[in-house]
Each structure stands twice: as C-alpha cells, then as structure tokens.
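[1] Show me how the following folds:
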Amino acid sequence: MKFIEMTGATLDSIINDGELHVQDLDGAGVKPDSIVRVNQQGDIEVRRAHKWDVIGGLLGKFEDRIKETTGFDWAG
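    Predicted structure coming up:
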C-alpha cells in the first residue's frame, strides 16, 4: 500500500469540514509533531511507539490537497 507521510500539524491544515475534526485529532492523540500518514483510499494513520493506528479518513479530492500541501507523492 502507498502512503504520504506528514506531521499532525500538516494534517490539521489539510482537513476539511465533515472530515476528521481538530477535536478528533487531539482525542486520537495526534499532536502537531506526531507522524501521520494517509493512504490512497484516504485512511489516516498515526504512528504509535510500536504500530500504526487508523484514526479516520479524508473525503473528496484529498489527493490534490495532500500533494500540494506536502510536496510529496505516494510512496510504498
């Protein structure tokens, strides 16, 4: 599966209304310096000490938002 990694702060800037909200990020333990990743289906995962946890998903044309904001492309 391919992902684009970013920080929690970057994810916060990408999220639109109706998607995972800021309160949800904090509740999921995502801080501004957390490592998160999004797969091509829009699933959001946060890096924990020993694993990745799925915490939600992005909707709509998230691919363009992610690529423009991060400057990254999908990596396997």
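[2] Can you show me the helices along the chain?
    Secondary structure of the chain by DSSP state H: the helices cover 8-14, 22-27, 62-70.
[3] do you know which of these lies nearest Lys51?
    helix 8-14 (16.9 Å; C-beta to C-beta). No exception for glycine: its C-beta is placed from N, CA and C like everyone else's.
[4] and the closest one, what other elements does it pack with?
    Under the contact definition 3 or more C-beta pairs under 8 Å, 6 or more residues apart in numbering; DSSP states H and E, helix 8-14 sits against helix 22-27, strand 35-39, helix 62-70.
[5] quick one on the thing from earlier: put together TSV for the helices of the chain, with mean neighbour count, distance to Lys2 and mean pLDDT on each row.
    Output for those, formatted as TSV (neighbours: other C-beta atoms under 10 Å; distance: least, C-beta to C-beta, whole Å; pLDDT from 0 to 100):
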stretch	mean neighbour count	distance to Lys2	mean pLDDT
helix 8-14	17	17	93
helix 22-27	13	23	76
helix 62-70	15	11	95
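[6] With respect to Val36, which of those helices lies nearest?
    helix 8-14 (5.0 Å).
[7] chain center to that closest one, what's the gap?
    Helix 8-14 sits 7 Å away from the centroid of its parent chain (C-alpha atoms, centre = their mean, to the nearest Å).
[8] Next: stretch 34-52.
    For stretch 34-52, the distance to the chain centre is 6 Å (C-alpha atoms, centre = their mean).
[9] what do you get for stretch 65-76?
    On C-alpha atoms, centre = their mean, the centre of stretch 65-76 falls 11 Å from that of its chain.
[10] likewise stretch 44-54?
    In terms of C-alpha atoms, centre = their mean, the centre of stretch 44-54 is found 11 Å from the chain centre.
[11] Ranking helices and strands of this structure by mean pLDDT, which lands last?
    helix 22-27 (a mean of 76; mean pLDDT, DSSP states H and E).
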